[in-house]
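Q: Structure of the sequence below:
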Amino acid sequence: ESVAQISKLGADTCMRVGQRRVVKVLGEGGFGQVLKCCNLETGTMEAVKVMKSRTGVIEKAKHEIQILKQLRRLDPNTRHVVRFNSFFFNMEDICLSFEFLDVDLHAYICETRLYETGLPLPEVRPITEQLVMALHQLKTIGIIHVDIKPGNVMIVDRHEKPPRVKLVDFGGAQMSGNVDFETCICTQMYSAPEVLLRSEMNEALDMWSLGVTAFELAVGTPMFPYRRRYRLLNSIIKILGQPPDHVLDKGQQTKQFFNRKTNDHPSWTIKTDVFNCFDDVAGMLSVLQEHVDPNQRITPVEALQHLFFTVKEEKGYAPKNHLFLSFAPSILCLPSFCPFNTDKASNPLRKVSELLVFAPLSPSAVLPQSIFSIAPSQYSAYAVHAKAPLGGSIGQ
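A: Presented below is the predicted three-dimensional model:
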């Protein structure tokens with residue numbers, strides 16, 4: 001059956017795709033559909049991506065198959081990426097067969113209403129660690145995923161604790177050192193500054209997206225919930241600081257959002273939005289600027305050495321919220337630890353304060369003193385406040 005016929009499927013059907021019986025339509029997009037199918041030869045469930053027989057889609061399918069074949073070189077026990085079974089033709093459509101996984105993180109958060117609180121930290125930790133390991137594996141074979149977000153992270157089995165996850169959707173993946181700006185498509189809210197500006201791109205863009213994703217998992221709300229690039233860039237600059245000149249200088253679209261200055265540093269200033277949508281992010285946080293620079297961003301190997309992953313669990317030990325809150329800035333310079341107006345329900349930072357429940361480990365043993373200072377707090381014996389970077393603080 002063709003994609004058009006399959007789109008009319010109900011829950012019960014006897015329609016087939018190759019030697020597979022279609023059980024359910026899982027999703028649809030411009031490329032085609034993703035189906036839950038039963039392999040009639042093995043009796044196992046599979047996820048089948050049916051791609052329409054159009055010129056652009058066919059080229060996209062060929063590219064994805066090449067990437068998926070490269071992924072087979074990785075260690076199946078540590079790669080944390082979806083297993084690709086095979087590809088086949090159904091009439092004129094190209095079909096990609098994958099192992100069947102339970103649910104993506106975005107759907108899981110919505111179904112369980114965890115967008116109100118975020119995932120428990122004992123779940124955020126293994127999920128984040130597995131994703132970092134996946135990026136490390138991808139880097140060894142020179143692949144950039146490009147579109148890391150909760151919707152592209154699948155839980156293997158929602159009833160399994162701790163959760164196991166795998167990266168999916170390598171349709172837009174790129175080979176490191178040969179990134180094509182035209183086909184490098186990342187979901188806007190999770191895009192690194194160099195992607196938004198069309199500057200030089202490498203594996204660091206995946207680490208940015210992972211940092212934003214980890215924040216969303218822990219807090220329940222997207223860190224940068226903006227779909228317009230100007231608003232997104234403006235929010236990043238307010239919270240994290242401006243990308244360095246060497247990133248802006250090489251950006252193909254920098255002049256669309258910035259004005260160039262002469263004899264000044266930095267050489268660029270962000271333009272005023274002519275549509276008057278300049279966002280007032282309350283309680284601007286003073287944080288390190290270096291992580292908006294892809295060359296300075298933490299690597300997967302460095303991330304795996306962080307205490308958030310290496311400190312062992314002990315009986316009666318509280319969730320390592322303070323470890324996550326020190327890990328988050330190191331991966332992305334996530335906003336943290338400063339007072340801000342929690343009355344604004346739309347503020348994506350409003351629930352960070354709720355995470356300040358420290359375990360019996362002194363923050364001074366975990367958090368770099370060059371970044372953080374310790375002060376009393378109503379939450380615990382310690383509160384962590386970001387020190388102002390060199391050159392002063394960032395105010396409201």
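Q: pull the helix or strand with minimum mean pLDDT from this structure.
A: Lowest on mean pLDDT, DSSP states H and E among the helices and strands of the chain sits strand 383-386, with a mean of 31.
Q: element containing residue 25, please.
A: strand 20-29 (DSSP states H and E).
Q: What is the helix or strand hosting residue 211 packed up against?
A: Residue 211 belongs to helix 204-219 when assigned by DSSP H and E. Identification of packing neighbours for helix 204-219 by 3 or more Cβ pairs under 8 Å, 6 or more residues apart in numbering; DSSP states H and E yields helix 105-111, helix 121-140, helix 193-197, helix 321-332. Using the backbone N, CA and C atoms, a C-beta is placed for each residue, glycine as well.
Q: what do you get if the cut-off is 6 Å, keeping everything else the same?
A: If contacts are counted by 3 or more Cβ pairs under 6 Å, 6 or more residues apart in numbering; DSSP states H and E, helix 204-219 sits against helix 121-140.
Q: The very next helix or strand once past the helix it packs on pairs with which strands?
A: Once helix 121-140 ends, the next helix or strand along the chain (criterion: DSSP H and E) is strand 143-144. Applying DSSP bridges, strand 143-144 is found paired with strand 174-175 (antiparallel).
Q: shaky segments in the stretch 151-300 of the chain?
A: Scanning the stretch 151-300 of the chain for pLDDT under 70 picks out 262-266, 271-293, 296.
Q: which stretches of it form helices?
A: Under the criterion DSSP state H, counting those that start in this stretch, the stretch 151-300 of the chain carries helices at the ranges 193-197, 204-219, 229-240, 245-249, 254-257, 300-304.
Q: Looking at those, spot the one closest to residue 113.
A: Residue 113 sits nearest to helix 204-219 of all the helices of the stretch 151-300 of the chain, at 14.3 Å, using Cβ to Cβ.
Q: Now do that closest one and helix 121-140, the angle between them.
A: 170 degrees (axes from the mean of the first three to the mean of the last three Cα atoms, to 10 degrees).
Q: Can you list the buried residues in helix 204-219?
A: 204-219 (16 or more other Cβ atoms under 10 Å).
Q: now stretch 126-144
A: Buried, per 16+ other Cβ under 10 Å, within stretch 126-144: 127-139, 143-144.
Q: Kindly export that stretch (C-alpha atoms) in CSV.
A: Provided in CSV are the C-alpha atoms of stretch 126-144 (Å, rounded to 0.1, in the frame of the first residue of the first chain):
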residue,chain,number,x,y,z
PRO,A,126,21.0,8.5,33.6
ILE,A,127,19.2,9.9,30.6
THR,A,128,21.7,12.8,30.3
GLU,A,129,24.6,10.4,30.8
GLN,A,130,23.4,8.1,28.1
LEU,A,131,22.9,11.0,25.7
VAL,A,132,26.5,12.2,26.4
MET,A,133,27.8,8.7,25.8
ALA,A,134,25.8,8.6,22.5
LEU,A,135,27.4,11.9,21.4
HIS,A,136,30.9,10.6,22.3
GLN,A,137,30.2,7.5,20.2
LEU,A,138,29.0,9.6,17.3
LYS,A,139,32.1,11.8,17.5
THR,A,140,34.4,8.8,17.1
ILE,A,141,32.9,8.2,13.6
GLY,A,142,32.6,11.9,12.7
ILE,A,143,28.8,12.1,12.8
ILE,A,144,26.8,15.1,14.0
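Q: correct me, but residue 300 touches residue 136?
A: Yes. If you go by Cβ atoms under 6 Å, residue 300 and residue 136 touch, sitting 3.6 Å apart.
Q: Nearest to residue 117, out of the helices of the stretch 151-300 of the chain?
A: Here helix 204-219 is closest among the helices of the stretch 151-300 of the chain (Cβ to Cβ), at 8.6 Å.
Q: That closest one to helix 229-240, inter-axis angle?
A: Using the same axes, to 10 degrees: helix 204-219 against helix 229-240 is 70 degrees.
Q: quick one on the thing from earlier: what's the mean pLDDT across the strand holding residue 25?
A: Taken as a whole, strand 20-29 has a mean pLDDT of 92.
Q: which residues touch that strand?
A: Among residues not part of strand 20-29, those counted as contacts by Cβ atoms under 6 Å, 6 or more residues apart in numbering are 9, 13, 15, 33, 34, 35, 36, 37, 38, 39.
Q: what's the burial count for residue 92?
A: 11 (other Cβ atoms under 10 Å).
Q: Show the model's pLDDT score for it.
A: 86.
Q: which non-adjacent residue is nearest it?
A: Closest residue to residue 92 apart from its sequence neighbours, by Cβ to Cβ, 6 or more residues apart in numbering: residue 53 at 3.7 Å.
Q: per-residue confidence at that neighbour?
A: On pLDDT, residue 53 comes in at 80.
Q: so what's the backbone phi/psi at it?
A: According to degrees, to the nearest 10, the main-chain angles of residue 53 amount to phi -90, psi 70.
Q: now swap in residue 199 and tell me
A: According to degrees, to the nearest 10, residue 199 has phi -100, psi -170.
Q: Go ahead and confirm it touches residue 250.
A: Yes. With contacts counted by Cβ under 6 Å, residue 199 reaches residue 250, the gap being 4.7 Å.
Q: who's more crowded, those two?
A: It is residue 199, of residue 199 and residue 250, that has more neighbours when counted by other Cβ under 10 Å, with 21 against 13.
Q: list the contacts for that one?
A: Taking Cβ under 6 Å, 6+ apart, we find residue 199 in contact with 247, 250, 251.
Q: The residue nearest to it when sequence neighbours are not counted and residue 245, how far apart?
A: In this structure, residue 199 finds its nearest non-sequential neighbour in residue 251, 4.0 Å apart by Cβ to Cβ, 6+ apart. Distance, residue 251 to residue 245, by Cβ to Cβ, to the nearest Å: 10 Å.
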